[in-house]
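Trainee: No sequence on hand, only this structure:
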Ligand code: CA
């Protein structure tokens, strides 16, 4: 028993186990498919009509779709850090993206004091892989192979160009010119530290590597954990010609390219599902699909019906499309409307793996699987936060049951009944001042756990942070402002 419950004990609750007989079942494979900057409405299962995602839709339909899934930050690096550490990134100084070319300019990464979920799963006997975008530290100490991933194929920075013949030419030109600090988006991909001069469109390359990983992992005799972090459809908007052809009816050029990029992911997911079936792993694999943050409507994305974009603490910034799929375990054809967080992955997955979380490891999510199965609220009366630091001020979003509180761009706090007003249109702060006060006080308490940022992005924010005492959150929790 002791081995099963570390995360639950930390949270002081014992919900989550009565429905599942863990002792007599093989531990499942866990496949996380993470998209980058994918908008809330940019997959068929979440309302897209112009983008076609048949493979994802099929999995979503056979699984449970989450309407209220949140990531812990409205942009890339901190959101990923939270997913893999089970903690809000602000608490270990990772509240900004690692800057581009971080190897040269910063040399930082997510603190090694945070044991990644991958490490816990690896130590419990899982064969572990990361494919795609890393963005959690580009120097050797923070390399995926050092953070619990047996196998890594991808790139270490915050983004990458997609078409090798194009980016390789640019890269070679810079090498020839003697440039020592070449933009991350152009550098070769790598496999376990070795440069790989890829030739395929890189979304297809990542799908191909995922198929390879599934094949190799299936021969190990242990379950696997695969973190498949596509950079699509993050900018630059670069699609394959054949995929663009599918979306000729889309007039907007950016939207057309974006749709084709999402379709490439979907096509790859189809191949991975086929590989799972061919290797007899399909029934025993929990597949989780989500985006790391909201989409950019100025770059082809659509977050309808949510307000706001990537980077915002409005819903469009950090509420993401998500499903769970696991035959005979996760309910099929269901929609789960209670609030969940990507912070929940750490305890949920490590419990499924019967893995031992280090005693000193703090985690903030909860094991949600049983509540998903029984359709219960996993965090009644508990808040989910998002805080984004800007130049001299901070934005905060708080979810609590049906409520959403927002402080954005120095405007006064607002309160929405988000279950009835998903578009954040009608401010109820005057009608429900006590509810708002409770939420703001909750966020203030949470802020006391924050650490100083270990790096800034852009670097110019370092001076602003210090000059304006942003560690003191000036004005942020003031209800009269
Ligand atoms: Ca992102």
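Mentor: Perfect, thanks for sending it. Owing to the predicted nature of the structure, the values given are computational and were not obtained by experimental measurement.

Trainee: what number of residues lie near the residue nearest to residue 147 when sequence neighbours are not counted?
Mentor: Setting aside the residues directly before and after it, residue 147 is nearest to residue 116 in space (CB to CB, 6 or more residues apart in numbering), at 4.6 Å. From N, CA and C alone the C-beta is placed, and that goes for glycine too. If you count neighbours by other CB atoms under 10 Å, residue 116 ends up with 26.

Trainee: hang on, isn't residue 116 packed against residue 82?
Mentor: No - using CB atoms under 8 Å, residue 116 makes no contact with residue 82, being 11.2 Å away.

Trainee: check contacts around the residue nearest to residue 147.
Mentor: Counting by CB atoms under 8 Å, 6 or more residues apart in numbering, residue 116 touches 84, 85, 110, 147, 148.

Trainee: Which one of those is nearest to the ion?
Mentor: For the contacts of residue 116, the residue nearest the ion by CB to the ion is residue 84; the value is 14.3 Å.

Trainee: Let's see the pLDDT reported for the closest one.
Mentor: At residue 84, the model reports a pLDDT of 98.

Trainee: Surely it is in contact with residue 136?
Mentor: Yes - using CB under 8 Å, residue 84 makes contact with residue 136 at a distance of 7.1 Å.

Trainee: tell me, what's touching these two both at once?
Mentor: Taking CB under 8 Å, 6+ apart as the criterion, residue 84 and residue 136 both touch 110, 147.

Trainee: hang on, the earlier thing: which members of the contacts of residue 116 occur in helices, if any?
Mentor: Assigned to helices by DSSP state H, the following of these qualify: 84, 85.

Trainee: who wins for neighbours among the contacts of residue 116?
Mentor: residue 85 (28 neighbours).

Trainee: pretty sure that one contacts residue 110?
Mentor: Yes - counting by CB under 8 Å, residue 85 touches residue 110, with 6.8 Å between them.

Trainee: tell me the pLDDT at residue 480?
Mentor: Looking at residue 480, its pLDDT is 85.

Trainee: Regarding it, what is its secondary structure?
Mentor: Taken by DSSP: H, G, I helix; E, B strand; the rest coil, the conformation at residue 480 corresponds to coil.

Trainee: Show me the shaky parts of the stretch 51-200 of the chain.
Mentor: By pLDDT under 70, the low-scoring segments of the stretch 51-200 of the chain are 102-105.

Trainee: Name the residues of it found near the ion, please.
Mentor: Residues of the stretch 51-200 of the chain lying close to the ion (CB under 5 Å from the ion) are residue 76.

Trainee: Closest approach to the ion from the stretch 51-200 of the chain, which residue is it?
Mentor: Distances between the stretch 51-200 of the chain and the ion by CB to the ion are smallest at residue 76, namely 3.6 Å.

Trainee: quick one, what contacts that residue?
Mentor: For residue 76, the contacting residues are 36, 37, 97, 133, 135, 158, 234, 292, 293, by CB under 8 Å, 6+ apart.

Trainee: One more pass at 10 Å, please.
Mentor: Neighbouring residues of residue 76 by CB atoms under 10 Å, 6 or more residues apart in numbering: 36-37, 97-98, 133, 135-136, 158-159, 229, 231, 234, 292-293, 310-311.

Trainee: Of the contacts of residue 116, which is the nearest to residue 476?
Mentor: Comparing the contacts of residue 116 against residue 476 with CB to CB places residue 85 closest, at 23.8 Å.

Trainee: That closest one reaches residue 109, doesn't it?
Mentor: No - contact between residue 85 and residue 109 fails when scored by CB atoms under 10 Å: they sit 11.9 Å apart.

Trainee: and for those two, which residues touch both?
Mentor: Contacts common to residue 85 and residue 109, judged by CB under 10 Å, 6+ apart, are 94, 136, 147.

Trainee: separation between the closest residue in space to the second one that isn't next to it in sequence and residue 194?
Mentor: Okay, so that is residue 136. In this structure, residue 136 finds its nearest non-sequential neighbour in residue 110, 4.7 Å apart by CB to CB, 6+ apart. Distance check for residue 110 against residue 194: by CB to CB, to the nearest Å, it reads 23 Å.

Trainee: on that earlier part again, could you pull out the residues contacting both of residue 85 and residue 110?
Mentor: Common neighbours of residue 85 and residue 110, using CB under 10 Å, 6+ apart, are 92, 94, 116, 136, 147.

Trainee: Alright, calling it a day.
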